[in-house]
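*Asks:* compute the structure for the input listed below.
(4 chains)
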There are 2 protein chains.
Amino acid sequence: MPKRVDHQQQRELIAAAVMRVAATQGLEAVSLRHVASEAGVTAGMVQHYFSSKDAMMKFAMDAASTRIGERMSMLIDTLGEQPAPKELVNAVLTALLPTSEPGAADDGRVALAFMAYAATRPTVAEDLERSNAGMREFIAGLLRQAISDGQAPASLDPDSTAAALLALTDGLAVQMLSSNLPAETAIAALGAQLDLTFAADHSQEHP
Amino acid sequence: MPKRVDHQQQRELIAAAVMRVAATQGLEAVSLRHVASEAGVTAGMVQHYFSSKDAMMKFAMDAASTRIGERMSMLIDTLGEQPAPKELVNAVLTALLPTSEPGAADDGRVALAFMAYAATRPTVAEDLERSNAGMREFIAGLLRQAISDGQAPASLDPDSTAAALLALTDGLAVQMLSSNLPAETAIAALGAQLDLTFAADHSQEHP
DNA sequence: CTCTTTGCATTGCAGTCGTAACGTAATACA
DNA sequence: TGTATTACGTTACGACTGCAATGCAAAGAG
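*Replies:* Numbers count the residues shown, from 1 in each chain, chains lettered A, B, ... in the order given. Below is the predicted model:
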(Lines give C-alpha, C1' and ligand atoms only; values in the text may rest on other atoms or scores of the structure.)
Protein backbone atom coordinates (compact mmCIF):
# COMPACT_ATOMS: atom_id res chain seq x y z
CA MET A 1 0.00 0.00 0.00
CA PRO A 2 1.12 3.50 -0.78
CA LYS A 3 1.56 6.64 1.22
CA ARG A 4 -1.01 6.94 3.98
CA VAL A 5 -2.41 10.38 4.70
CA ASP A 6 -4.66 11.59 7.48
CA HIS A 7 -7.85 12.16 5.51
CA GLN A 8 -9.60 13.98 8.31
CA GLN A 9 -6.75 16.43 8.62
CA GLN A 10 -6.67 17.14 4.89
CA ARG A 11 -10.39 17.70 4.83
CA GLU A 12 -10.16 20.12 7.71
CA LEU A 13 -7.40 22.00 5.93
CA ILE A 14 -9.72 22.47 2.98
CA ALA A 15 -12.71 23.28 5.16
CA ALA A 16 -10.71 26.05 6.81
CA ALA A 17 -10.00 27.52 3.39
CA VAL A 18 -13.71 27.33 2.55
CA MET A 19 -14.46 29.39 5.64
CA ARG A 20 -11.79 31.94 4.87
CA VAL A 21 -13.09 32.47 1.36
CA ALA A 22 -16.72 32.61 2.46
CA ALA A 23 -15.90 35.09 5.22
CA THR A 24 -13.93 37.49 3.08
CA GLN A 25 -15.66 37.25 -0.29
CA GLY A 26 -19.05 35.75 0.44
CA LEU A 27 -20.53 32.34 -0.11
CA GLU A 28 -20.95 32.78 -3.84
CA ALA A 29 -17.18 33.19 -4.19
CA VAL A 30 -16.63 29.67 -2.86
CA SER A 31 -15.52 27.63 -5.86
CA LEU A 32 -13.32 24.56 -6.04
CA ARG A 33 -10.42 26.38 -7.64
CA HIS A 34 -10.74 29.40 -5.39
CA VAL A 35 -10.81 27.27 -2.26
CA ALA A 36 -7.91 25.20 -3.53
CA SER A 37 -5.69 28.19 -4.13
CA GLU A 38 -6.67 29.63 -0.74
CA ALA A 39 -5.65 26.34 0.87
CA GLY A 40 -2.46 26.26 -1.18
CA VAL A 41 -3.34 23.03 -2.92
CA THR A 42 -4.51 22.08 -6.39
CA ALA A 43 -8.12 21.84 -7.43
CA GLY A 44 -7.59 18.19 -8.17
CA MET A 45 -6.74 17.49 -4.57
CA VAL A 46 -9.94 19.11 -3.39
CA GLN A 47 -11.77 16.85 -5.79
CA HIS A 48 -9.87 13.90 -4.41
CA TYR A 49 -11.13 14.52 -0.90
CA PHE A 50 -14.68 15.60 -1.66
CA SER A 51 -16.88 13.85 -4.15
CA SER A 52 -18.71 17.06 -4.94
CA LYS A 53 -18.87 20.71 -4.00
CA ASP A 54 -21.97 20.06 -1.93
CA ALA A 55 -20.12 17.45 0.11
CA MET A 56 -17.34 19.95 0.71
CA MET A 57 -19.78 22.62 1.85
CA LYS A 58 -21.57 20.25 4.16
CA PHE A 59 -18.31 19.12 5.74
CA ALA A 60 -17.18 22.72 6.24
CA MET A 61 -20.49 23.67 7.79
CA ASP A 62 -20.46 20.77 10.21
CA ALA A 63 -16.89 21.53 11.21
CA ALA A 64 -17.80 25.16 11.89
CA SER A 65 -20.78 24.32 14.05
CA THR A 66 -18.66 21.90 16.05
CA ARG A 67 -16.08 24.66 16.54
CA ILE A 68 -18.74 27.06 17.79
CA GLY A 69 -19.93 24.49 20.28
CA GLU A 70 -16.42 23.93 21.55
CA ARG A 71 -15.75 27.64 21.86
CA MET A 72 -18.92 28.06 23.85
CA SER A 73 -18.24 25.26 26.31
CA MET A 74 -14.70 26.58 26.76
CA LEU A 75 -16.09 30.00 27.48
CA ILE A 76 -18.46 28.58 30.06
CA ASP A 77 -15.59 26.80 31.75
CA THR A 78 -13.71 30.06 32.19
CA LEU A 79 -16.56 31.39 34.30
CA GLY A 80 -15.64 29.09 37.16
CA GLU A 81 -17.69 26.89 39.41
CA GLN A 82 -20.85 28.78 40.33
CA PRO A 83 -21.33 31.69 37.94
CA ALA A 84 -24.24 34.08 38.36
CA PRO A 85 -26.96 33.01 35.91
CA LYS A 86 -27.22 36.44 34.36
CA GLU A 87 -23.49 36.54 33.74
CA LEU A 88 -23.61 33.04 32.33
CA VAL A 89 -26.36 33.87 29.86
CA ASN A 90 -24.60 37.09 29.01
CA ALA A 91 -21.37 35.24 28.29
CA VAL A 92 -23.09 32.70 26.09
CA LEU A 93 -24.95 35.27 24.05
CA THR A 94 -21.96 37.57 23.78
CA ALA A 95 -19.98 34.63 22.44
CA LEU A 96 -22.42 34.52 19.54
CA LEU A 97 -21.66 38.10 18.57
CA PRO A 98 -18.95 38.77 15.99
CA THR A 99 -16.78 40.77 18.38
CA SER A 100 -13.10 41.15 19.02
CA GLU A 101 -12.45 37.45 19.50
CA PRO A 102 -10.20 36.51 16.59
CA GLY A 103 -12.11 34.71 13.89
CA ALA A 104 -15.45 35.55 15.42
CA ALA A 105 -16.27 38.14 12.75
CA ASP A 106 -15.43 35.64 10.03
CA ASP A 107 -17.54 32.96 11.67
CA GLY A 108 -20.38 35.45 11.90
CA ARG A 109 -20.12 36.38 8.25
CA VAL A 110 -20.20 32.73 7.29
CA ALA A 111 -23.18 32.12 9.55
CA LEU A 112 -25.03 35.06 8.00
CA ALA A 113 -24.24 33.80 4.53
CA PHE A 114 -25.63 30.41 5.43
CA MET A 115 -28.79 31.94 6.87
CA ALA A 116 -29.39 33.75 3.61
CA TYR A 117 -28.63 30.52 1.79
CA ALA A 118 -31.10 28.65 3.96
CA ALA A 119 -33.82 31.20 3.29
CA THR A 120 -34.21 29.78 -0.22
CA ARG A 121 -33.30 26.14 0.57
CA PRO A 122 -35.88 24.39 2.76
CA THR A 123 -33.64 21.43 3.59
CA VAL A 124 -30.86 23.69 4.81
CA ALA A 125 -33.44 25.63 6.77
CA GLU A 126 -34.37 22.45 8.60
CA ASP A 127 -30.78 21.90 9.65
CA LEU A 128 -30.52 25.47 10.89
CA GLU A 129 -33.83 25.07 12.70
CA ARG A 130 -32.49 22.09 14.62
CA SER A 131 -29.30 23.80 15.70
CA ASN A 132 -31.26 26.90 16.61
CA ALA A 133 -33.67 24.86 18.69
CA GLY A 134 -30.76 23.28 20.52
CA MET A 135 -29.35 26.65 21.40
CA ARG A 136 -32.74 27.90 22.50
CA GLU A 137 -33.23 24.89 24.74
CA PHE A 138 -29.82 25.47 26.25
CA ILE A 139 -30.61 29.08 27.12
CA ALA A 140 -34.04 28.10 28.41
CA GLY A 141 -32.37 25.57 30.70
CA LEU A 142 -30.12 28.25 32.11
CA LEU A 143 -33.14 30.46 32.71
CA ARG A 144 -35.07 27.65 34.39
CA GLN A 145 -32.20 27.04 36.76
CA ALA A 146 -31.92 30.75 37.50
CA ILE A 147 -35.61 30.84 38.37
CA SER A 148 -35.44 27.81 40.65
CA ASP A 149 -32.42 29.41 42.33
CA GLY A 150 -34.45 32.55 42.91
CA GLN A 151 -32.15 34.63 40.73
CA ALA A 152 -34.73 35.42 38.11
CA PRO A 153 -38.41 36.33 38.45
CA ALA A 154 -40.66 33.27 38.58
CA SER A 155 -43.12 34.99 36.25
CA LEU A 156 -40.60 34.75 33.43
CA ASP A 157 -41.36 32.20 30.72
CA PRO A 158 -38.08 30.40 30.02
CA ASP A 159 -38.89 29.24 26.51
CA SER A 160 -40.21 32.41 24.97
CA THR A 161 -37.62 34.49 26.80
CA ALA A 162 -34.84 32.31 25.46
CA ALA A 163 -36.24 32.65 21.95
CA ALA A 164 -36.43 36.42 22.29
CA LEU A 165 -32.91 36.69 23.67
CA LEU A 166 -31.55 34.59 20.83
CA ALA A 167 -33.43 36.64 18.27
CA LEU A 168 -32.07 39.83 19.76
CA THR A 169 -28.56 38.40 19.63
CA ASP A 170 -29.00 37.31 16.04
CA GLY A 171 -30.33 40.70 15.09
CA LEU A 172 -27.46 42.50 16.77
CA ALA A 173 -24.99 40.20 15.04
CA VAL A 174 -26.60 40.83 11.68
CA GLN A 175 -26.52 44.59 12.16
CA MET A 176 -22.90 44.48 13.28
CA LEU A 177 -21.92 42.64 10.12
CA SER A 178 -24.20 44.28 7.60
CA SER A 179 -24.59 47.82 8.93
CA ASN A 180 -21.45 48.50 10.96
CA LEU A 181 -23.22 48.48 14.31
CA PRO A 182 -20.43 49.08 16.86
CA ALA A 183 -19.62 46.12 19.09
CA GLU A 184 -19.98 48.14 22.29
CA THR A 185 -23.49 49.23 21.28
CA ALA A 186 -24.48 45.63 20.71
CA ILE A 187 -22.98 44.49 23.99
CA ALA A 188 -24.69 47.32 25.83
CA ALA A 189 -28.04 46.46 24.25
CA LEU A 190 -27.62 42.85 25.27
CA GLY A 191 -26.72 43.89 28.80
CA ALA A 192 -29.67 46.23 29.09
CA GLN A 193 -32.01 43.53 27.86
CA LEU A 194 -30.67 41.05 30.41
CA ASP A 195 -31.11 43.65 33.16
CA LEU A 196 -34.72 43.98 32.10
CA THR A 197 -35.24 40.24 31.81
CA PHE A 198 -33.76 39.35 35.16
CA ALA A 199 -35.18 42.27 37.10
CA ALA A 200 -38.63 42.99 35.71
CA ASP A 201 -41.85 41.64 37.07
CA HIS A 202 -43.51 39.87 34.18
CA SER A 203 -46.67 38.95 36.02
CA GLN A 204 -48.71 41.94 34.90
CA GLU A 205 -48.24 41.59 31.17
CA HIS A 206 -51.30 41.58 28.97
CA PRO A 207 -53.70 42.54 31.79
CA MET B 1 -37.88 60.40 -33.54
CA PRO B 2 -39.01 56.80 -33.18
CA LYS B 3 -41.24 54.92 -30.82
CA ARG B 4 -41.21 56.37 -27.31
CA VAL B 5 -41.29 54.02 -24.34
CA ASP B 6 -41.59 54.75 -20.64
CA HIS B 7 -38.08 53.92 -19.47
CA GLN B 8 -38.95 54.05 -15.81
CA GLN B 9 -41.74 51.55 -16.29
CA GLN B 10 -39.51 49.13 -18.22
CA ARG B 11 -36.84 49.36 -15.56
CA GLU B 12 -39.36 48.62 -12.87
CA LEU B 13 -40.61 45.63 -14.81
CA ILE B 14 -37.09 44.25 -14.82
CA ALA B 15 -36.46 45.19 -11.20
CA ALA B 16 -39.55 43.23 -10.19
CA ALA B 17 -38.14 40.18 -11.96
CA VAL B 18 -34.84 40.66 -10.13
CA MET B 19 -36.71 40.57 -6.85
CA ARG B 20 -38.68 37.48 -7.78
CA VAL B 21 -35.56 35.58 -8.78
CA ALA B 22 -33.63 36.70 -5.70
CA ALA B 23 -36.51 35.79 -3.41
CA THR B 24 -37.06 32.31 -4.77
CA GLN B 25 -33.55 31.22 -5.77
CA GLY B 26 -31.23 33.51 -3.88
CA LEU B 27 -29.12 36.45 -4.90
CA GLU B 28 -26.48 34.34 -6.61
CA ALA B 29 -29.09 33.09 -9.08
CA VAL B 30 -29.65 36.61 -10.33
CA SER B 31 -28.11 36.71 -13.79
CA LEU B 32 -28.97 38.83 -16.81
CA ARG B 33 -30.46 35.94 -18.76
CA HIS B 34 -32.28 34.49 -15.77
CA VAL B 35 -33.83 37.83 -14.89
CA ALA B 36 -34.75 38.43 -18.50
CA SER B 37 -36.60 35.14 -18.85
CA GLU B 38 -38.35 35.74 -15.53
CA ALA B 39 -39.48 39.12 -16.81
CA GLY B 40 -40.51 37.59 -20.13
CA VAL B 41 -38.09 39.70 -22.15
CA THR B 42 -34.79 39.08 -23.88
CA ALA B 43 -31.40 39.47 -22.26
CA GLY B 44 -30.61 42.14 -24.81
CA MET B 45 -33.42 44.31 -23.55
CA VAL B 46 -32.13 44.09 -19.99
CA GLN B 47 -28.79 45.23 -21.30
CA HIS B 48 -30.49 48.04 -23.15
CA TYR B 49 -31.97 49.46 -19.97
CA PHE B 50 -29.08 48.87 -17.59
CA SER B 51 -25.49 49.61 -18.47
CA SER B 52 -24.27 46.83 -16.20
CA LYS B 53 -25.48 44.18 -13.82
CA ASP B 54 -24.41 46.31 -10.87
CA ALA B 55 -26.58 49.15 -12.12
CA MET B 56 -29.52 46.79 -12.40
CA MET B 57 -29.01 45.52 -8.87
CA LYS B 58 -28.71 49.02 -7.49
CA PHE B 59 -31.90 50.11 -9.19
CA ALA B 60 -33.77 47.06 -7.91
CA MET B 61 -32.52 47.65 -4.39
CA ASP B 62 -33.52 51.30 -4.40
CA ALA B 63 -36.95 50.44 -5.76
CA ALA B 64 -37.46 47.86 -3.02
CA SER B 65 -36.48 50.24 -0.24
CA THR B 66 -38.84 52.86 -1.64
CA ARG B 67 -41.61 50.25 -1.67
CA ILE B 68 -40.96 49.35 1.96
CA GLY B 69 -41.15 52.98 2.94
CA GLU B 70 -44.43 53.39 1.13
CA ARG B 71 -45.90 50.30 2.71
CA MET B 72 -44.91 51.54 6.13
CA SER B 73 -46.43 54.98 5.75
CA MET B 74 -49.61 53.41 4.38
CA LEU B 75 -49.73 51.14 7.39
CA ILE B 76 -49.35 54.10 9.72
CA ASP B 77 -52.18 55.86 7.98
CA THR B 78 -54.52 52.95 8.64
CA LEU B 79 -54.03 53.42 12.39
CA GLY B 80 -56.04 56.62 12.33
CA GLU B 81 -55.54 59.97 13.90
CA GLN B 82 -54.17 59.46 17.40
CA PRO B 83 -52.87 55.92 17.73
CA ALA B 84 -51.46 54.64 21.00
CA PRO B 85 -47.66 54.89 20.80
CA LYS B 86 -47.16 51.27 21.72
CA GLU B 87 -49.54 50.13 19.00
CA LEU B 88 -47.86 52.42 16.54
CA VAL B 89 -44.40 51.06 17.25
CA ASN B 90 -45.81 47.56 17.21
CA ALA B 91 -47.37 48.14 13.82
CA VAL B 92 -44.17 49.56 12.37
CA LEU B 93 -42.00 46.72 13.61
CA THR B 94 -44.50 44.06 12.65
CA ALA B 95 -44.51 45.49 9.16
CA LEU B 96 -40.82 44.65 8.96
CA LEU B 97 -41.47 40.98 9.66
CA PRO B 98 -41.94 38.63 6.71
CA THR B 99 -45.47 37.66 7.69
CA SER B 100 -48.66 36.88 5.87
CA GLU B 101 -48.75 40.11 3.95
CA PRO B 102 -48.37 39.07 0.31
CA GLY B 103 -44.86 39.64 -0.92
CA ALA B 104 -43.53 40.33 2.54
CA ALA B 105 -41.73 36.99 2.76
CA ASP B 106 -40.09 37.61 -0.60
CA ASP B 107 -39.06 41.11 0.42
CA GLY B 108 -37.60 39.66 3.60
CA ARG B 109 -35.64 37.04 1.74
CA VAL B 110 -34.23 39.68 -0.55
CA ALA B 111 -33.36 41.89 2.39
CA LEU B 112 -31.60 39.02 4.12
CA ALA B 113 -29.68 38.22 0.96
CA PHE B 114 -28.56 41.83 0.72
CA MET B 115 -27.46 41.86 4.35
CA ALA B 116 -25.27 38.84 3.71
CA TYR B 117 -24.04 40.55 0.57
CA ALA B 118 -23.24 43.70 2.51
CA ALA B 119 -21.29 41.75 5.12
CA THR B 120 -18.46 41.32 2.62
CA ARG B 121 -18.94 44.60 0.69
CA PRO B 122 -18.09 47.67 2.78
CA THR B 123 -19.68 50.15 0.38
CA VAL B 124 -22.98 48.28 0.42
CA ALA B 125 -22.72 48.09 4.19
CA GLU B 126 -22.56 51.89 4.31
CA ASP B 127 -25.79 52.15 2.34
CA LEU B 128 -27.49 49.70 4.66
CA GLU B 129 -26.12 51.57 7.64
CA ARG B 130 -27.75 54.77 6.45
CA SER B 131 -31.14 53.20 5.87
CA ASN B 132 -30.90 51.44 9.19
CA ALA B 133 -30.03 54.66 10.97
CA GLY B 134 -33.03 56.33 9.40
CA MET B 135 -35.33 53.61 10.66
CA ARG B 136 -33.77 53.77 14.11
CA GLU B 137 -34.23 57.52 14.25
CA PHE B 138 -37.86 57.10 13.24
CA ILE B 139 -38.54 54.61 16.03
CA ALA B 140 -36.61 56.75 18.50
CA GLY B 141 -38.82 59.69 17.54
CA LEU B 142 -41.93 57.68 18.25
CA LEU B 143 -40.52 56.69 21.63
CA ARG B 144 -39.61 60.29 22.47
CA GLN B 145 -43.12 61.40 21.72
CA ALA B 146 -44.55 58.54 23.82
CA ILE B 147 -42.39 59.65 26.74
CA SER B 148 -43.38 63.29 26.47
CA ASP B 149 -47.01 62.18 26.32
CA GLY B 150 -46.49 60.18 29.50
CA GLN B 151 -47.23 56.91 27.76
CA ALA B 152 -43.79 55.44 28.29
CA PRO B 153 -41.46 55.58 31.28
CA ALA B 154 -39.27 58.68 31.32
CA SER B 155 -36.30 56.56 32.34
CA LEU B 156 -36.31 54.88 28.95
CA ASP B 157 -33.50 55.86 26.58
CA PRO B 158 -35.13 56.39 23.18
CA ASP B 159 -32.03 55.81 21.05
CA SER B 160 -30.71 52.62 22.55
CA THR B 161 -34.21 51.24 22.98
CA ALA B 162 -34.97 51.90 19.35
CA ALA B 163 -31.76 50.15 18.34
CA ALA B 164 -32.59 47.16 20.51
CA LEU B 165 -36.14 46.91 19.18
CA LEU B 166 -34.91 47.02 15.61
CA ALA B 167 -32.27 44.40 16.32
CA LEU B 168 -34.88 42.15 17.89
CA THR B 169 -37.12 42.62 14.85
CA ASP B 170 -34.26 41.86 12.48
CA GLY B 171 -33.34 38.78 14.47
CA LEU B 172 -36.91 37.52 14.48
CA ALA B 173 -37.17 38.12 10.75
CA VAL B 174 -33.94 36.26 10.10
CA GLN B 175 -35.06 33.30 12.18
CA MET B 176 -38.42 33.22 10.47
CA LEU B 177 -36.76 33.03 7.08
CA SER B 178 -33.78 30.85 7.86
CA SER B 179 -35.05 28.59 10.62
CA ASN B 180 -38.80 28.39 10.13
CA LEU B 181 -39.64 30.40 13.23
CA PRO B 182 -43.48 30.59 13.25
CA ALA B 183 -44.90 34.03 12.59
CA GLU B 184 -47.09 33.95 15.68
CA THR B 185 -44.08 33.25 17.88
CA ALA B 186 -42.25 36.21 16.41
CA ILE B 187 -45.25 38.49 16.82
CA ALA B 188 -45.71 37.33 20.40
CA ALA B 189 -42.05 37.95 21.20
CA LEU B 190 -42.30 41.44 19.76
CA GLY B 191 -45.44 42.11 21.79
CA ALA B 192 -43.89 40.86 25.00
CA GLN B 193 -40.84 43.01 24.45
CA LEU B 194 -42.97 46.09 23.87
CA ASP B 195 -44.93 45.32 27.03
CA LEU B 196 -41.64 45.24 28.91
CA THR B 197 -40.34 48.36 27.24
CA PHE B 198 -43.40 50.48 27.82
CA ALA B 199 -44.14 49.22 31.31
CA ALA B 200 -40.85 48.62 33.05
CA ASP B 201 -39.10 51.09 35.27
CA HIS B 202 -35.64 51.49 33.78
CA SER B 203 -34.31 53.83 36.43
CA GLN B 204 -32.70 51.17 38.58
CA GLU B 205 -30.58 49.53 35.94
CA HIS B 206 -26.88 49.07 36.62
CA PRO B 207 -27.11 50.14 40.29
C1' DC C 1 -40.94 59.70 -48.99
C1' DT C 2 -36.49 59.78 -46.76
C1' DC C 3 -33.70 59.97 -42.93
C1' DT C 4 -32.33 59.49 -38.44
C1' DT C 5 -33.00 58.15 -33.93
C1' DT C 6 -34.71 54.72 -30.80
C1' DG C 7 -36.01 49.99 -29.12
C1' DC C 8 -34.82 45.68 -29.01
C1' DA C 9 -32.82 40.91 -30.70
C1' DT C 10 -28.96 38.09 -31.89
C1' DT C 11 -24.49 36.59 -31.83
C1' DG C 12 -19.97 36.02 -30.24
C1' DC C 13 -16.19 36.33 -26.88
C1' DA C 14 -13.38 35.60 -22.92
C1' DG C 15 -13.74 33.87 -18.54
C1' DT C 16 -15.36 30.80 -14.60
C1' DC C 17 -17.94 27.14 -12.98
C1' DG C 18 -18.45 21.84 -11.45
C1' DT C 19 -17.15 17.51 -12.87
C1' DA C 20 -15.16 13.50 -15.26
C1' DA C 21 -11.26 11.28 -17.18
C1' DC C 22 -6.71 10.22 -17.41
C1' DG C 23 -1.75 10.28 -16.13
C1' DT C 24 1.85 9.58 -12.86
C1' DA C 25 4.83 9.55 -8.85
C1' DA C 26 5.23 7.39 -4.46
C1' DT C 27 5.05 3.70 -1.24
C1' DA C 28 3.80 -0.35 1.72
C1' DC C 29 3.14 -5.17 1.13
C1' DA C 30 4.18 -9.70 -1.22
C1' DT D 1 12.12 -6.53 -6.28
C1' DG D 2 7.98 -6.35 -8.34
C1' DT D 3 3.27 -4.72 -7.95
C1' DA D 4 -0.92 -3.18 -6.58
C1' DT D 5 -2.88 0.77 -4.42
C1' DT D 6 -3.10 5.36 -2.87
C1' DA D 7 -2.45 10.38 -3.60
C1' DC D 8 -2.40 13.45 -6.11
C1' DG D 9 -1.77 16.71 -10.80
C1' DT D 10 -3.38 17.84 -15.37
C1' DT D 11 -6.43 18.41 -18.93
C1' DA D 12 -10.71 18.68 -21.20
C1' DC D 13 -15.74 19.41 -21.60
C1' DG D 14 -20.20 21.48 -21.52
C1' DA D 15 -22.75 24.90 -19.21
C1' DC D 16 -22.97 29.24 -17.55
C1' DT D 17 -21.61 34.12 -16.69
C1' DG D 18 -21.27 39.53 -17.91
C1' DC D 19 -20.62 42.22 -21.68
C1' DA D 20 -19.52 44.28 -26.34
C1' DA D 21 -20.73 44.44 -31.03
C1' DT D 22 -23.80 44.23 -34.59
C1' DG D 23 -28.21 44.02 -37.03
C1' DC D 24 -32.66 45.54 -37.91
C1' DA D 25 -37.61 47.01 -37.61
C1' DA D 26 -40.36 50.86 -36.37
C1' DA D 27 -41.69 55.56 -36.20
C1' DG D 28 -41.63 60.62 -35.75
C1' DA D 29 -39.16 64.76 -38.12
C1' DG D 30 -37.97 67.10 -42.30
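
*Asks:* touching DNA strand C at all, the lowest-mean-pLDDT helix or strand in chain A?
*Replies:* Lowest on mean pLDDT, DSSP states H and E among the helices and strands of chain A sits helix A:53-77, with a mean of 89. Yes - applying CB under 7 Å from any atom of the strand, one finds helix A:53-77 touching DNA strand C at A:53-54. C-beta here means a position set from N, CA and C on the backbone, and glycine is covered the same way.

*Asks:* residues of that helix that come out buried?
*Replies:* A:56-57, A:59-61, A:63-65, A:68, A:71-72 (16 or more other CB atoms under 10 Å in any protein chain shown).

*Asks:* kindly reformat those residues as TSV containing distance to DNA strand D.
*Replies:* Listed next are the buried residues of helix A:53-77 as TSV, based on distance: CB to the nearest atom of the strand, whole Å:
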residue	distance to DNA strand D
A:Met56	15
A:Met57	18
A:Phe59	15
A:Ala60	18
A:Met61	22
A:Ala63	18
A:Ala64	22
A:Ser65	25
A:Ile68	27
A:Arg71	28
A:Met72	32
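
*Asks:* now do the end-to-end distance for stretch A:152-160.
*Replies:* 15 Å (CA to CA, to the nearest Å).

*Asks:* buried stuff in that stretch?
*Replies:* A:152, A:156, A:158.

*Asks:* now do stretch A:13-23
*Replies:* Those buried within stretch A:13-23 under the rule 16+ other CB under 10 Å are A:14-23.

*Asks:* contacts for that stretch, please.
*Replies:* With CB atoms under 8 Å, 6 or more residues apart in numbering or on different chains as the test, stretch A:13-23 has contacts from A:29-30, A:34-36, A:38-39, A:41, A:46, A:49-50, A:56-57, A:59-60, A:63-64, A:105-107, A:109-110, A:113, B:120.

*Asks:* in what helix or strand does the residue nearest to A:Val110 when sequence neighbours are not counted lie?
*Replies:* Excluding the flanking residues, the one nearest A:Val110 by CB to CB, 6 or more residues apart in numbering or on different chains is A:Ala22, at 4.8 Å. Element membership for A:Ala22 (DSSP states H and E) is helix A:7-25.

*Asks:* hmm, that helix touching DNA strand D?
*Replies:* Yes - residues of helix A:7-25 contacting DNA strand D under CB under 7 Å from any atom of the strand: A:7, A:10.

*Asks:* tell me what whichever helix or strand comes after that helix is packed against?
*Replies:* For helix A:7-25, the succeeding helix or strand toward the C-terminus, using DSSP H and E, is helix A:32-39. For helix A:32-39, the contact count by 3 or more CB pairs under 8 Å, 6 or more residues apart in numbering or on different chains; DSSP states H and E identifies helix A:7-25, helix A:43-49, helix A:53-77 as packing neighbours.
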